[in-house]
Structures are given as C-alpha cells and as structure tokens.
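Colleague: give me coordinates for this.
(2 chains)
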Amino acid sequence: MPQLSLTVNGKSHAVEVEGRTLLVELLREKLGLTGTHIGCDTSQCGACVVHVDGRSIKSCTMLALQAEGASVTTIEGLAKPDGTLHPMQEMFREHHALQCGFCTPGMVMSAIDLVQMHPDGLTEHEIREGLEGNLCRCTGYHNIVKAIAAAWPLMHGKQVPAAAE
Amino acid sequence: MYEFTYHKPTSIADAVKLLGADADAKALAGGQTFIPVLKQRLNKPSAVIDLAGLGLSGIRAEGNRVVIGAMTTHHAIATSPDIAKAIPGLTTMAGWIGDTQVRHRGTMGGSLANNDPTACYPAAVLALNATIRTDKRSIAADDYFQGMFTTALEPGELITEIEFPLPVEKSAYAKFRNPASRYAMVGVFVAKSSAGVRVAITGAAQNGVFRHKEMEEALGKSWSPDAVAKIKTSPEALNSDIHGSAEYRAHLITVMAKRAVAAAG
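Modeller: Below you'll find the predicted structure:
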C-alpha cells in the first residue's frame, strides 16, 4: 500500500493507505479523530469539513493521498492543550449554536475559514451565504449565525471577549 | 469505491504517458465531481492520475490575453483582483459554483474536461471566445464543446491552460440555481468585445452549452435587456426533468439573459 506523510493538528503521521481511502476515512478510522463526521457522504452537508493547508474542504470528497505533505486541522486541533476553547467554539457554546450537535464540527471549521477570509468585516448576509456548504437538520441556523458574528471580532482582535454568564 | 492505483506525476509528459499506457486510467483534477462518481461506483478506473503536481495552477497576463492554468481553483478565480478587473462576469460565475469548500478544490480544467451540461464554466468559456490549450494543441471554444459530457479532447489529452482574449468590454453571468445541487437550471453568460457580442446558455439544453445567435444579433444592434426581452427559445431540444419542464427552461433563458445584460450594464 502507498505511504502517506502528513501533519494532523500539528502532529506528523506516516501511514499506509489505499489509493481509494478518503481523507475523512483516514482521520476517523486510522487516526481515531472521530470529531470529523460523515453526514451525507455526497459533498452536500459539510459535516466532514476540515482545514487542509488553512482552507476549509470536504474531507469526504478528497482522497487521503491528495493530502500528501499537507497540514490538516480538525475540530480536535482547535482548543489549546490546557482545554481553552477556540473563540469560535466558545461563541458556539455561548450562543447555543447547536441542538443535536452532529453538524457542529463541520460548522465550526467552515465558520473559522469564513471569518479568516473576511478580515474587513462580515455581514449577516455574508455569514448565511458562507454557510451554504453546511446543513443543520435541526435547522438551528439563527444561533449559528449569531455565534459566528460574535466570533468575528474575537478572532480579529477587535474587542475584549464578553464575560460568560 | 473500487480499488485503483494512485499516481501523482510531476511533469505533463509523465502524466500523458501514464494516461496513454492504460486505457482505464483516469485523470483527477480537483475531484469535486470525479470523487463522488467513484464513490457511487459509476466509474471503475484501474489507475487515477492526480494532476496536482504538474504546476498547472495560476492566473497570468500574456499580452492581450489572460491565461488561467487548468488546475486553478474556482476560489482562486473568484477572488482574483486581475480577473475581477478584466472579466467581472467570470468572477461572479466562479463564485457561484457549489459552495466555499467545493470552490477550494474544484478546478476550471476539471469542469471543462467533464463538460457537464449544467456546469457554469462552459458558458463563460464559450461566450468569452476562449481557447483551450492542451498538451498537444489549441482548441477554440466553438470547436471544443461537442454535446453532453462530450468534448474535442482525445483520450489521454490534457487541458493545460485556458486563454481568454482581452479586452472584454462587458461581461456578466446570470444563473438560476437548482436550490439543492446549485448547478444551473439555466445559466446565461453575455460578453461584448470588439469582435462582437456572444451569448452562451448552459443548463438548458440536452446537448449542453450553446450559443444563442438570435440574442447575439439583437444585442449586437442594441445592448439592453429590452433587446432580448421578446426573444423566445424553442423548447424542442431543451431539458425536461423533475426540476423543470423544457418550456419552463425556455422561459428562463429569456429571463436570465435580461438579467445578465442588466448586470453587465
């Protein structure tokens, strides 16, 4: 089987994979990172979104071997080692931006990329458009949009985080 | 997915050799269509040749042309200031494909090689009178698209770059998106240059993208939404499916053409 070298959440891995192994299968089954979900398996739902070299992508629609040499970040790689959540995770919690939670890892990964791609501001309309690749079957979009809007200033260092209740 | 051997060549010559050596080998560009096809076992390649190592990504000016590498992603095209300045219609079009994550992986060359009858790039390439450069030759857009999922490419022939003539005086794309797949139910790309007006329609016809000569003539005389408002398209060769009848698509062509001309200003 072909050899694959890549970095996942800052840790180097050298693994054997089949040509047909998907990136999401590598993450979940070989590396045990089950935070990345498989929802639709047809590139529609976005539950499998991870970052590859800083860009959000659907890991169910990429071969593991296409990530040779790449740096991959999954939901498990966001919080600091001491458990401090990423501002986007913190705002999802603060604004109750989840119901069942299945879509949440993909939503958070897409949302972080969205905020990073908009350093000069992010409107509610842009957030809703920017989430077109992620589906929430609980239809909890309002709070997801609120959480992302709240995370934008934190991620761009525009204001001090509000104290949690 | 069926098993296959994965290759990632580092030169165009090696990629062409690998594809030529095996009739069941397939080229992989961004994979946003091809990988779902493989997952559904609709295709059974013996080998998959990843084109990501060939250096075919990038946008550059070349005299009075803009040249886009075949492996350039939709995202790179949609966010390129140079493209936005030279061909704003292409910026809009690329930014409406799929979603952000798909645009980060999907490529222009992959879309053109596939020639899905509801894909957007064929409309842009045909309306902008682009030239498709391959490892062997240059193909004019008018000769390239040959029907549903059919192109002038020979087996094993690789698109390397797409060349757009400049200046483009006006360009715009109007797309009625299928709300589930985000492919075009009908997409209309209008372009005006010193060579004349070209109007290309995607999503509507059974044979894929086509030029709307009657609209081109009308817009050549008077560039305004009103010029196309009364032009009717025969539903005869148009798609009819669960998303819309041929008559509905025929109607949409006029509506989207008006919107495209209005957007181009």
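
Colleague: need the residues that contact stretch B:67-74.
Modeller: B:29-30, B:51-52, B:54-61, B:77, B:83, B:94-95, B:97-98, B:102-110, B:112, B:158-164 (CB atoms under 8 Å, 6 or more residues apart in numbering or on different chains). From N, CA and C alone the C-beta is placed, and that goes for glycine too.

Colleague: buried only: go through these for me.
Modeller: Members of the contacts of stretch B:67-74 that pass the buried threshold by neighbour count (16 or more other CB atoms under 10 Å in any protein chain shown) are listed as B:29-30, B:51-52, B:54, B:56-57, B:59, B:77, B:83, B:94-95, B:97-98, B:102-110, B:112, B:158-164.

Colleague: just to revisit the earlier point, taking the contacts of stretch B:67-74 one by one, which sit in strands?
Modeller: Counted as lying in strands by DSSP state E, out of those, are B:Ile59, B:Arg60, B:Ala61, B:Ile159, B:Thr160, B:Glu161, B:Ile162, B:Glu163, B:Phe164.

Colleague: of all those residues, which comes closest to chain A?
Modeller: Each of the ones in strands among the contacts of stretch B:67-74 was scored against chain A by CB to the nearest CB, and B:Ile59 proved nearest at 17.2 Å.

Colleague: so the closest one bridges to which residues?
Modeller: Per DSSP bridges, the residues bridged to B:Ile59 are B:Ile68.

Colleague: and it, what is it in contact with?
Modeller: Each residue near B:Ile59 by CB under 8 Å, 6+ apart is listed here: B:Val66, B:Val67, B:Ile68, B:Gly69, B:Thr72, B:Ala76, B:Ile77, B:Ser80, B:Asp82, B:Ile83.

Colleague: what does chain A put close to chain B?
Modeller: Along chain A, the residues adjacent to chain B under the rule CB under 8 Å from any CB of the partner chain are A:2, A:18-20, A:22, A:41-44, A:46, A:49, A:55-58, A:61-63, A:65-66, A:68, A:110, A:113-114, A:130, A:132-134.

Colleague: so the residue nearest the centre of chain A is in which element?
Modeller: Ranked by distance to the mean C-alpha position of chain A (CA atoms, centre = their mean), the top residue is A:Met109 at 1.9 Å. Under DSSP states H and E, the secondary-structure element containing A:Met109 is helix A:104-117.

Colleague: and for B:Gly187?
Modeller: B:Gly187 belongs to strand B:184-193 when elements are defined using DSSP H and E.

Colleague: repeat for B:Ala257
Modeller: With the criterion set as DSSP H and E, the secondary-structure element containing B:Ala257 is helix B:246-264.

Colleague: how many neighbours does the residue in chain B positioned nearest to chain A have?
Modeller: Taking CB to the nearest CB, chain A has its nearest neighbour within chain B at B:Asp99, 2.9 Å off. Counted by other CB atoms under 10 Å in any protein chain shown, the residues lying close to B:Asp99 total 22.

Colleague: tell me the contacts of the nearest residue to it once chain neighbours are set aside?
Modeller: On the basis of CB to CB, 6 or more residues apart in numbering or on different chains, the spatially nearest residue to B:Asp99 that is not a chain neighbour turns out to be A:Gly133, at 2.9 Å. Listed by CB under 8 Å, 6+ apart, the contact partners of A:Gly133 are A:Gly46, A:Val49, A:Lys58, A:Ser110, B:Gly98, B:Asp99, B:Thr100, B:Gln101, B:Val102.
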